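> I'd like to go over a predicted model; first the sequence, then the structure.
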Amino acid sequence: MDPMKTHGAFSWSELMTPHPQAAADFYHQLFGWTVQTMQMPGGPYHLVKVGDTSVAGIMSLPADAPHMPPAWGCYVTVDNADETAGECEALGGKVLVKPTDIPGVGRFAVLQDPQGAVISVIDYIDE
């Protein structure tokens with residue numbers, strides 16, 4: 001199974017923190033992760049690798065969410081982020097971040113289930 005192509009599979013993890021470089025250094029020491037830093041429009045994005053495989057990212061907290069605590073989030077692959085966001089609402093959940101393009105990667109949304117748990121979904125660009 002390829003988690004980047006399988007609807008319903010957990011496929012990515014991402015840490016949002018006020019100190020991404022310090023977090024990258026911490027996890028490097030803790031787990032031996034290597035980190036490749038890429039410049040993105042919102043600031044540096046730290047791509048986390050285990051061996052040669054990219055498994056996660058570390059980034060700054062969004063500027064429009066100053067009171068958000070640092071947190072790891074996970075992404076679930078879906079066939080269509082827009083349809084999944086609509087299904088979430090139809091089932092009583094909320095769309096916290098509407099479906100949005102990530103250039104060169106795919107389209108994601110942040111959803112909240114009726115109990116309040118938050119999860120992100122993503123449909124990756126077919127390569």
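Here it is on my side, so go on. Numbering: from 1, shown residues only.
> The most centrally placed residue in the chain - nearest residue in space that isn't next to it in sequence?
Nearest residue to the geometric centre of the chain (CA atoms, centre = their mean): residue 14, 4.6 Å. In this structure, residue 14 finds its nearest non-sequential neighbour in residue 57, 4.6 Å apart by CB to CB, 6 or more residues apart in numbering. (Each C-beta comes from the backbone N, C-alpha and C, glycine too.)
> end to end, how far does stretch 99-112 reach?
Stretch 99-112 has an end-to-end distance of 13 Å (CA to CA, to the nearest Å).
> Let me see the residues that make contact with it.
73, 75, 81-82, 84-85, 88, 93-98, 118-125 (CB atoms under 8 Å, 6 or more residues apart in numbering).
> quick revisit: tell me what the residue nearest to residue 14 is bridged to.
Listed beta-bridge partners, residue 57: residue 14, residue 47 (assigned using DSSP bridges).
> burial count for it?
21 (other CB atoms under 10 Å).
> Repeat that for residue 76.
18.
> any idea which element it lies in?
Assigned by DSSP states H and E, residue 76 belongs to strand 71-77.
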